[in-house]
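Peer 1: Structural data only, the sequence is not supplied:
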């Protein structure tokens, strides 16, 4: 042990082989640790980041592949929705058809033996996608005739709904009863999107 204490650092080249080997091993360990600290640990962090990126990209590829696989089905659904949309639009009256629609509802009532006290347009109600166009109707007639009138209105080629029924018995005489009906019939107009209006 005393031999180790007598060794001078500036005479390292003259040391015996065992102390020189120990110093070389210690230097190699220190350099290895420093190299690991400065080069390998950052590389491991970079490798972890790359693995994370790879995992995210795989997920994106799988998601995009499923979207591409579903694309033909989505296109068919879009076409079907366009057809349905067009069918509904065709059932809504144009501005020029509103007067004939009102007279058509009036004619249905007259054909079914009803007497109109009032049939007139009420103020238009604006909704986000469409306009509701109410028709205020007041009429009298037999129960069966009123039922036939409602069924005939439901069969019109244009969409017309009957709401807010107020049905009262006016007079009762055998075998017929006269009823009074106040009802709001509504039709609808499509509200064109703003982008479509600007395009026109």
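Peer 2: Right, received. Where do you want to start? No experiment lies behind these values; they were computed from the predicted model shown.
Peer 1: Moving C-terminal from the helix or strand hosting residue 24, which element do we reach first?
Peer 2: Assigning secondary structure by DSSP states H and E places residue 24 in helix 17-35. Past helix 17-35, heading to the C-terminal end, the next element that is a helix or strand (DSSP H and E) is helix 41-91.
Peer 1: how far is that following helix from where the chain is centred?
Peer 2: The chain centre lies 16 Å from the centre of helix 41-91; the measure is Cα atoms, centre = their mean, to the nearest Å.
Peer 1: Residue ranges in the chain under the pLDDT threshold?
Peer 2: When residues are selected by pLDDT under 70, those of the chain lie in 1-15, 173-175, 193-200.
Peer 1: which residues does residue 106 contact?
Peer 2: 116, 119 (Cβ atoms under 8 Å, 6 or more residues apart in numbering). C-beta: built from backbone N, CA, C; applies to glycine.
Peer 1: ok, now residue 153?
Peer 2: By Cβ under 8 Å, 6+ apart, residue 153 lies in contact with 105, 108, 160, 162, 185.
Peer 1: Just to be sure, residue 120 is in a helix?
Peer 2: No. Using DSSP: H, G, I helix; E, B strand; the rest coil, the assignment for residue 120 is strand, not a helix.
Peer 1: From residue 103, how far out is it?
Peer 2: Residue 120 sits 12 Å away from residue 103, going by Cβ to Cβ, to the nearest Å.
Peer 1: now residue 30
Peer 2: Shown here: residue 30 relative to residue 103, a distance of 103 Å by Cβ to Cβ.
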